[in-house]
Structure formats: structure tokens, C-alpha cells
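Q: The sequence and its predicted three-dimensional model are supplied below.
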Amino acid sequence: MKLNPVTIVVIPHRKEKPVWERSFSPGSFLILLSLLLILFGGGVFFAHFYFSHTYQTLKLKRLSEENEILKERLSQFQERVQELDLQLAEITQREKSLRVVADLPEISPQVREVGVGGEGGGAPDLLFFYDEETARQAKRINFDLEKFIRQAKLEKESIAEIWKSLKNKKYLLSHTPSVKPTIGYITRGFGMHIDPFTGQLKPHYGIDFAAKIGTPVWATADGRVGNIGWDKNGFGTYIEIDHRKGVQTYYAHLSKVEVRIGEEVKRGQLIGRVGNSGRSTGPHLHYEVRINGSPVNPRNYFLPENIAD
Ligand SMILES: [Zn+2]
């Protein structure tokens, strides 16, 4: 098929004659058309490139500003982290003194380091940083925070241990005989003595306090009344109090009992009255401290008042 030539005519409105007119062979026309298309396509492409470039530049500028703000925040964050470090150091110092009070061994610096130090098990590089300094700062903060978490955990454990120890200590202190059971002067101490009834050398397993009949007798520590009765070996009316495991006190020659078996008593509580019951040469209190059933010198259990609670 033969193609006809193509004529392009430009006709202005309200004019009788065309201003511009040109004929093209089909081949030339196609070339012209292609050129126009390329020109148009190129225009669109460059326009797109230009606007997209402008947009990217703007975006980059905004991101860069944002980055500056974030960097500043990071620095502020680091300051706060340093503050946390100081606070934690103070807590650790107090915890160390509390361990001394609680009679607990010092935590070795090595253990503290294991609990606290180390390279943090390699904190993951969560972000890619263009700026190395920022990367270092972010990594440092991450490392510090990991350290603080471990440090806080160690403190928590140590304080729990201190609490337990102090509670035990308090229990031990309140349940350990530490005062005199009555007023009155000591007429016989702990050890070998000549029995006034037989004249023979005999061990005396307690301390005797001479006092008037009816003088109050107090529990020398917290505990539970284990037994009340009449001692056939000459101690007359007695009270036995169980304190803590294996520790017991014994009050004898009483005239009156003010507690019942099984009753919980506090240190300083009235439990009975001085008397002359049993084999006795005069009104007095016979007082014993026993550890696992064996009498020990009660004198060692008269502590200065400011030690007992
Ligand atoms: Zn005695």
C-alpha cells in the first residue's frame, strides 16, 4: 500500500489564508512524529527528575534537621544516664554498709563486676549510623543501660538477703536471754559450791537472786512457756520458757506463777513472783539458762540494757 504525503497546515482564527503550511512525505512525517514524541518524553522525564530531585533535597534537609534534634536528644539522654549511674552508685554504697550491719559477708568486687560489668554480651547494632560519633554514643548508652539493669538486679538480691538476715537477727536478739530476771542481789553464782544442807561440794547450775517474797520475776527474752510445775529435786515451783531453738530459761523457788503453759511471753513480761518453795534457805530466785538442755552461766546473758531491745 502506498501512503499519501501528509500536509500540516496551521490556520489562525479569523484569517482567510493559512500562515503556515508544509507537506511531508510519509517517511519524513514519521520521523517528525518520532522526534516530537522523544522531545515530549524527554520533557516529561526531566520534569519528573527535577521535581523528584527537589523533593528529595527538601526531604534530606528535613531529615538532617531531624537528625540534629535527635543527636541533641541523645546527648541529653546520656546526661540522664550519667545521673542514674551516680544514683546507683549511692544505692550500692548504702547497700554495702547495710551488709555490714546485717553481718553479711562483703560481695567481692569480682562478683560485682560479673553482675555489673562485662561487655554487655555485645549489645546489638540496632541501627546503621552514618555518623560514627552518634553510633558510639548510642552504643555507649545501650551498654550503660544494660549495666544498670544488671546492677539493679544485684542490689535487689542483696537487699532481700539483708532483709532476711536482719529479720533473723531481730528474732535472735528478741529470743536470746539478755536481762536479769528480777531485782535483788546475787547470793550465789554459777559453778561448784558447798551445799548448805549437806555440806558437800555440788555444782550450782544457775544464779540465785535474793529478794523478798512477791518480788516480780520477768521473762528474760521472748518465748513460749514450755512448762510449769513442782521440781522434786528441791527447786519447788518453777517455770520453763522456750526461746529459740535449744535455748531455755528456768525460774525456780517461786511463790506465784503469773502465766500458763503454752503462753507466748515477751522479754520483761511478769511471769511469776519470788518465793521460798522447795529446798531453800530463804526467799530467792534460782535462775538458769540452758542451751540444748545443758546449763550455761547466766551471767553471760546479762547484756547491757542498750543492747537488748
Ligand atoms: Zn540456786
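A: Everything's here; your move. Numbering: from 1, shown residues only.
Q: Report the next helix or strand after the helix or strand hosting Q151 in sequence order.
A: Here Q151 sits within helix 132-174, counting by DSSP states H and E. Following helix 132-174 in sequence order, the next helix or strand is strand 185-188 (DSSP H and E).
Q: pLDDT (mean, whole number) over that following strand?
A: For strand 185-188, mean pLDDT rounds to 92.
Q: Equivalent analysis for stretch 248-259, please.
A: For stretch 248-259, mean pLDDT rounds to 98.
Q: pLDDT wise, what is P304 at?
A: Per-residue confidence (pLDDT) for P304: 68.
Q: ugh, wrong one, I meant E106
A: E106 is assigned a predicted lDDT (pLDDT) of 92.
Q: now E288
A: 97.
Q: Surely it is within a strand?
A: Yes - counting by DSSP: H, G, I helix; E, B strand; the rest coil, E288 falls inside a strand.
Q: what's the closest non-adjacent residue to the residue of the chain found nearest the ion?
A: The minimum distance from the chain to the ion, using C-beta to the ion, falls at H286 (3.4 Å). In short, each C-beta sits where N, CA and C put it, glycine included. Closest residue to H286 apart from its sequence neighbours, by C-beta to C-beta, 6 or more residues apart in numbering: A252 at 4.1 Å.
Q: List the contacts of the one you found.
A: A252 makes contacts with 206, 231, 235-238, 277-278, 285-288, as judged by C-beta atoms under 8 Å, 6 or more residues apart in numbering.
Q: any chance of those in TSV, with secondary structure too?
A: Shown next, in TSV, are the contacts of A252 (three-state DSSP):
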residue	secondary structure
G206	coil
D231	strand
F235	coil
G236	strand
T237	strand
Y238	strand
S277	coil
G278	coil
L285	strand
H286	strand
Y287	strand
E288	strand
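Q: Now the buried members of those residues.
A: 206, 231, 235-238, 277-278, 285-288 (16 or more other C-beta atoms under 10 Å).
Q: Format those residues as TSV; extra columns: distance to S294.
A: Formatted as TSV, the buried ones among the contacts of A252 follow (distance: C-beta to C-beta, whole Å):
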residue	distance to S294
G206	12
D231	17
F235	17
G236	22
T237	23
Y238	17
S277	25
G278	22
L285	21
H286	17
Y287	16
E288	10
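Q: The residue of the chain closest to the ion pairs with what?
A: Counting by DSSP bridges, H286 forms beta bridges with D208, A252.
Q: do L201 as well
A: With DSSP bridges applied, L201 shows beta-bridge pairing to I194.
Q: pretty sure it is in contact with I194, am I right?
A: Yes - assessed by C-beta atoms under 8 Å, L201 is found in contact with I194 at 5.9 Å.
Q: Would you mind listing what in this structure touches the ion?
A: Counting by C-beta under 5 Å from the ion, the residues of the chain lying close to the ion are 206, 208, 286.
Q: Now for the residue of the chain closest to the ion: which residues touch it?
A: Taking C-beta under 8 Å, 6+ apart as the contact definition, H286 lies against 206-208, 235, 250-253.
Q: Recalculate using a threshold of 7 Å.
A: Contact analysis of H286 by C-beta atoms under 7 Å, 6 or more residues apart in numbering lists 206, 208, 235, 252-253.
Q: Could you do R99 as well?
A: 106, 158, 162.
Q: Quick check: the last one touching V100?
A: No - if you go by C-beta atoms under 7 Å, I162 and V100 don't touch, sitting 9.9 Å apart.
Q: Okay, and R273 sits in which element?
A: Under the criterion of DSSP H and E, R273 resides in strand 270-274.
Q: Domain parsing of this structure, as residue ranges.
A: Following automatic domain parsing, one finds the domains of the chain at 6-68, 76-174, 185-301.
Q: Among those, show me which one is buried the most.
A: domain 185-301 (a mean of 17; mean count of other C-beta atoms under 10 Å).
Q: tell me how far that one is from the chain's mean position?
A: Relative to its chain's centre, domain 185-301 lies at 45 Å (C-alpha atoms, centre = their mean, to the nearest Å).
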